[in-house]
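S.K.: Prediction below, plus the sequence it came from.
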Amino acid sequence: MRVLEQRTADELQASNAVRGLVPGVLVGAGLFALVYAILWALDAVTFGGFDGLAGICPALAMAISSAVGEEIVFRGVVYRRLEERLGTAIALLVSAAVFGLVHAGNTGANWVSTLAIALESGVLLALAYAATRSLWLPIGLHFGWNFTEGGIFGAAVSGGQSSGLVHAPLSGSPLITGGAFGPEASLAAVVVSLSASFALAWYAVHSGRWRRPRWRGQQADAASLRP
């Protein structure tokens, strides 16, 4: 931003860090805990007690690196630049599709997991940015979701194996459990994430942060100048 756009990175202002990160982490963790509650209700998960602390540091490192790195790239650059030209709706669809395709080569990935990642993470995290105009909330959501998934429940995170605090193996149809890719590819994760996405979309629209394509704004400006 400073070199190419010649401006400060307002999206990462330190003054907004705590206000965005803390709610983001808590909500992200809560959303994924809800996914596991649904899987438990569907008899797809078995809780087997405490599984040790050995996996905490790797899960923490993975969650931090993916949350910070992917949010800077995909929401801070890809989504933001698309939105400036194409508006929120189109940028949302395109960036979510790109985010899903980037994960298509992961272990256990298939068309279901690719679509699931696009619908849940791609849409939810872009809307978190659109609703706040800051990267701190999507970073917090991303971290809270991933760490709870891998560091707490020991589930595969986008195909990457983890060891968590709780021994909670999954069993059943891949549509319910997500298969080898992990519960992010499950219907439960898609439903939970899209529910949160609708709330963020409503907020973005009603707070005036939903942006229309630049050419529509230009047409409206031109029309207002006509005699």
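M.R.: Cool, the structure landed.
S.K.: so where's this protein shaky on pLDDT?
M.R.: 215-227 (pLDDT under 70).
S.K.: remind me, longest helix of it?
M.R.: Assignment by DSSP state H gives helix 17-41 as the longest helix of the chain.
S.K.: Okay, buried residues for that one please.
M.R.: 20-21, 23-25, 27-29, 31-36, 38-39 (16 or more other Cβ atoms under 10 Å). (Each C-beta comes from the backbone N, C-alpha and C, glycine too.)
S.K.: And these, which two are furthest apart?
M.R.: Pairwise distances among the buried residues of helix 17-41 were taken by Cβ to Cβ; the largest, 28.7 Å, belongs to G20 and L39.
S.K.: For the chain, which segments count as helices?
M.R.: Counting by DSSP H, the helices of the chain are 17-41, 56-70, 80-102, 111-117, 123-132, 136-147, 174-177, 187-206, 214-224.
S.K.: okay, now S173: neighbour count?
M.R.: 12 (other Cβ atoms under 10 Å).
S.K.: what about S171, neighbour count?
M.R.: 11.
S.K.: Over to G105?
M.R.: That count, for G105 with other Cβ under 10 Å as the rule, works out to 9.
S.K.: so how far is W111 from it?
M.R.: Applying Cβ to Cβ, to the nearest Å, the value for G105 to W111 is 13 Å.
S.K.: likewise L26?
M.R.: In terms of Cβ to Cβ, L26 sits 32 Å off from W111.
S.K.: Next: S171.
M.R.: Using Cβ to Cβ, we find S171 at a distance of 23 Å from W111.
S.K.: thinking again about what came up before, which one of the buried residues of helix 17-41 is nearest R212?
M.R.: G20 (25.0 Å).
S.K.: In contact with the residue nearest to that closest one when sequence neighbours are not counted, which residues are there?
M.R.: Nearest non-adjacent residue to G20, counting by Cβ to Cβ, 6 or more residues apart in numbering: W136, 2.7 Å away. Shown in contact with W136 (Cβ atoms under 8 Å, 6 or more residues apart in numbering): 12, 16-17, 19-21, 24.
S.K.: what's the answer for T107, then?
M.R.: 156, 159-160, 180-181.
S.K.: Can you pick out the most distant pair from the residues you listed?
M.R.: Longest distance between any two of the contacts of T107 is 10.6 Å, between G160 and A180; criterion Cβ to Cβ.
S.K.: Any figure for the gap between A156 and I90?
M.R.: Here A156 is placed at a distance of 32 Å from I90 (Cβ to Cβ).
S.K.: More neighbours: which of the two?
M.R.: Neighbours of A156 and I90, each counted by other Cβ under 10 Å, are more numerous for A156; the result is 23 against 14.
S.K.: Can you give me the neighbour number for the spatially closest residue to that one that is not a sequence neighbour?
M.R.: In this structure, A156 finds its nearest non-sequential neighbour in G182, 3.4 Å apart by Cβ to Cβ, 6+ apart. Residues near G182, counting by other Cβ under 10 Å, number 26.
S.K.: what residues are up against G182?
M.R.: Taking Cβ under 8 Å, 6+ apart, one finds 108, 149, 155-160 in contact with G182.
S.K.: now for these, which pair is the farthest apart?
M.R.: Farthest pair in those (Cβ to Cβ) is G108 and E149. Separation: 14.0 Å.
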